[in-house]
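Asks: Just need the structure, nothing else, for what follows:
(one chain, ligands or ions: 1)
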Amino acid sequence: MVYREIGQVSSPKRRNIRIICLSLVLIATVILAVTLGLTLGTTSSGSLKETIINRCNTYLKDNGATSQNDCEKIWDSFTQAFVGKDTCDVPPDAYDSLIHSVSQEPACNRMLFWSKTKEIVHAFTEKRSCYVTLEDTLLGFLLDGLTWCGKNESQEIFTTECSSWSDCVNNPVRSFWIQASAAFAASACGDVSVMLNGAIDMPFNPTSIFASVEVKNFNSSIMKSLTVLLVTKEGDVKTCESDASLKDLQNQLDPKLKYQCKIVPQSTIQTCISQPQIACDDCW
Ligand code: DVN
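Replies: This next block holds a predicted model:
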């Protein structure tokens, strides 16, 4: 009988032990990955609530509107719109309670709508208060860039694995922006502006929120005019007069509203973004 030092085993045995060890490591890895995936995938309401409450308190502190708004009540009105509902069963009017829970005076003569110009319009309004987009108001600021949904007969709040904008019409995020946009447009007062993209075929796209929701909610009893700011790049040939979609926009407006359109070179806006000391009126 050949004795072997303790710790030494025959090669077939050693191979079996190695296979068992590798299998155990593999199983442990899979369990860890699944656990992490499940944990990270369904963010509890905690982190979303923390984000939204922080945004709310920051906005109120920076804009001095603390007395009229209660962030906890706003959160509760927000969650009531979609918690316990299927991710494709949240219609726009589910957010009516949330919209009514936020109190903010409309920025008459400073309201700026936009379509296909999200980046440049917010780079501009981030540096200046002479124009205000929906996303610069408390309601839009709270939820801009976030995703959320619930599930039938569940109190959980999810921030991933939610239906996307194009999956179904009544998804929680799209319905919110439709209802918030409708309310923002209905409150539009005085001289109003919209920044449109002169580099695309249809600056006024009928399927956009601006066209399908906001223009339809303008109220000519409080709104006086609409100025289109058509942002163009070097070499763009589109003009205010030549574009058919802008004629369509003009035809959709209440004739009581004054309409004008200005070509605004993108370079001019970029200069105004980088030099906030330039007066707003000199930016277009
Ligand atoms: O006036 C603005 C503002 O008030 C806003 O509330 O609505 C108007 C802008 O909406 P719009 O006219 O539809 O312009 P866009 O550029 O086509 O879409 C605006 C935003 O809606 C997009 O930037 C998307 O947001 P995101 O993903 O960049 O944070 C979103 N959106 C529109 N169509 C979408 C979509 N997101 C995903 N899939 C789509 N099909």
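
Asks: Can you report how many residues neighbour residue 77?
Replies: 18 (other Cβ atoms under 10 Å). (C-beta placed from N, C-alpha, C; glycine too.)

Asks: could you point out which element follows whichever strand or helix holds it?
Replies: For residue 77, the element it lies in under DSSP states H and E is helix 71-80. Per DSSP H and E, the first helix or strand lying C-terminal to helix 71-80 is helix 96-101.

Asks: Name the residues of that next one that come out as buried.
Replies: 98, 99, 101 (16 or more other Cβ atoms under 10 Å).

Asks: which other helices and strands contact the longest strand seen in the chain?
Replies: Using DSSP state E, we find that the single longest strand of the chain is strand 223-232. In this structure, strand 223-232 packs against strand 190-197, helix 244-252, strand 258-265, helix 266-274, with contacts taken as 3 or more Cβ pairs under 8 Å, 6 or more residues apart in numbering; DSSP states H and E.

Asks: Return the most buried member of those.
Replies: Stretch with highest mean neighbour count among these: strand 190-197 (a mean of 22; mean count of other Cβ atoms under 10 Å).

Asks: now that one, how far from the chain's geometric center?
Replies: 19 Å (Cα atoms, centre = their mean, to the nearest Å).

Asks: So which elements touch that strand?
Replies: strand 112-115, strand 223-232.

Asks: Now the first one: average pLDDT?
Replies: Spelled out, that is strand 112-115. The pLDDT scores in strand 112-115 average 98.

Asks: Report the buried residues of the very next helix or strand once past that strand.
Replies: Sequence order places helix 118-127 as the next helix or strand after strand 112-115, per DSSP H and E. Within helix 118-127, the residues that qualify as buried are 120, 121, 122, 124, 125, counting by 16+ other Cβ under 10 Å.

Asks: roughly how far apart are the third one and the ligand?
Replies: Right, residue 122. 10 Å (Cβ to the nearest ligand atom, to the nearest Å).

Asks: Next up, the contacts around that residue.
Replies: Residues counted as contacts of residue 122 (Cβ atoms under 8 Å, 6 or more residues apart in numbering) are 133, 135, 136.

Asks: Just confirm residue 262 contacts residue 284, I think it does.
Replies: Yes: contact between residue 262 and residue 284 holds when scored by Cβ atoms under 8 Å: they sit 5.7 Å apart.

Asks: Using a markdown table, please lay out the helices and strands packed on strand 223-232 together with distance to the ligand and mean pLDDT.
Replies: Converted to a markdown table, these look like this (distance: least, Cβ to the nearest ligand atom, whole Å; pLDDT from 0 to 100):
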| stretch | distance to the ligand | mean pLDDT |
| --- | --- | --- |
| strand 190-197 | 7 | 98 |
| helix 244-252 | 12 | 97 |
| strand 258-265 | 16 | 97 |
| helix 266-274 | 16 | 96 |
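
Asks: any chance of the ones you listed in TSV, plus distance to residue 141?
Replies: As requested, the helices and strands packed on strand 223-232 are exported to TSV (distance: least, Cβ to Cβ, whole Å):
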stretch	distance to residue 141
strand 190-197	18
helix 244-252	27
strand 258-265	25
helix 266-274	19
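
Asks: and the helices and strands packed on strand 190-197, which is most packed in?
Replies: strand 112-115 (a mean of 24).

Asks: and of the buried residues of helix 118-127, the nearest to residue 220?
Replies: Relative to residue 220, the closest of the buried residues of helix 118-127 is residue 121; by Cβ to Cβ it sits at 23.9 Å.

Asks: per-residue confidence for the closest one?
Replies: The per-residue pLDDT reported for residue 121 equals 98.

Asks: Any stretches of the stretch 1-150 of the chain with poor pLDDT?
Replies: Low-confidence segments of the stretch 1-150 of the chain (pLDDT under 70): 1-15, 19, 22-45, 65-66.

Asks: how about the residues of it that lie near the ligand?
Replies: For the stretch 1-150 of the chain, the residues in contact with the ligand (Cβ under 6 Å from any ligand atom) are 113, 114, 115, 116, 118, 134, 145.

Asks: Could you count how many residues lie near the closest residue to the third one other than its chain neighbours?
Replies: Spelled out, it's residue 115. Residue nearest to residue 115 in three dimensions, not counting chain neighbours: residue 210, with 4.0 Å by Cβ to Cβ, 6 or more residues apart in numbering. By other Cβ under 10 Å, 23 other residues sit near residue 210.
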